[in-house]
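K.L.:
predicted model, plus sequence, below.
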Amino acid sequence: MRMSTKAQYAVRALVSLNLTSSGMPVSIKDISARENISLNYLEQLFVKLRRGGIVNSVRGPGGGYLLARSAEEIRIDQIIDTVEVALAPLSCMNSDGSCGCEMECTTQSVWQGLGNQIRNFLASVTLEDLTRDGRRQLESRAISSYSNI
């Protein structure tokens, strides 16, 4: 199974937002530059994330985006569901794991099981989990950079 760039970029952008916000709105331009993601593409994703209740927008000078709730409450499957049409291992499967061709498909149970495993895994990881990993990576790079001086 291959995740789309929508899913990947949305998760990356939200980790970046959570890493840098410190309770203050973060500009989508800053996220775009930091993550090397097209600003236009990010704007489209953030519209979906706002409508999905993942982020809130703040207008005006110093405006930007904030998480709509704590990072511990935002699961990765929720982010993906907000920006994706369906989270399914095969194109013939619906987002709920059902298959329109189940009468002819003798392998459906395998794909359905795979889809359930993927969904359960993504539901077990929160945005805060990924942010912690991101902080560790940043600290590790800082220590490496310092020791090379």
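P.N.:
That came through, no problem.
K.L.:
how near is the nearest residue in space to L49 that is not next to it in sequence to V11?
P.N.:
In space, and not counting its chain neighbours, L49 is closest to V55: 4.7 Å by C-beta to C-beta, 6 or more residues apart in numbering. (C-beta placed from N, C-alpha, C; glycine too.) For V55, the distance to V11 equals 13 Å [C-beta to C-beta, to the nearest Å].
K.L.:
more neighbours: those two, which one.
P.N.:
Per other C-beta atoms under 10 Å, whichever of V55 and V11 has more neighbours is V55, with 28 against 19.
K.L.:
quick check, the more buried one in contact with Y65.
P.N.:
Yes. Applying C-beta atoms under 8 Å, one finds V55 in contact with Y65, separated by 4.8 Å.
K.L.:
common neighbours of the two, please.
P.N.:
Both V55 and Y65 are in contact with 17, 46, where contact means C-beta atoms under 8 Å, 6 or more residues apart in numbering.
K.L.:
can you map out the helices along the protein?
P.N.:
Per DSSP state H, the chain carries helices over the ranges 5-21, 28-35, 39-51, 76-83, 108-123, 127-147.
K.L.:
as JSON lines, those with mean pLDDT and distance to G60 would be great.
P.N.:
Formatted as JSON lines, the helices of the chain follow (pLDDT from 0 to 100; distance: least, C-beta to C-beta, whole Å):
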{"stretch": "helix 5-21", "mean pLDDT": "95", "distance to G60": "17"}
{"stretch": "helix 28-35", "mean pLDDT": "96", "distance to G60": "14"}
{"stretch": "helix 39-51", "mean pLDDT": "97", "distance to G60": "16"}
{"stretch": "helix 76-83", "mean pLDDT": "94", "distance to G60": "25"}
{"stretch": "helix 108-123", "mean pLDDT": "87", "distance to G60": "35"}
{"stretch": "helix 127-147", "mean pLDDT": "82", "distance to G60": "26"}
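K.L.:
now those helices in JSON lines, with distance to C92?
P.N.:
Formatted as JSON lines, the helices of the chain follow (distance: least, C-beta to C-beta, whole Å):
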{"stretch": "helix 5-21", "distance to C92": "19"}
{"stretch": "helix 28-35", "distance to C92": "33"}
{"stretch": "helix 39-51", "distance to C92": "24"}
{"stretch": "helix 76-83", "distance to C92": "19"}
{"stretch": "helix 108-123", "distance to C92": "9"}
{"stretch": "helix 127-147", "distance to C92": "30"}
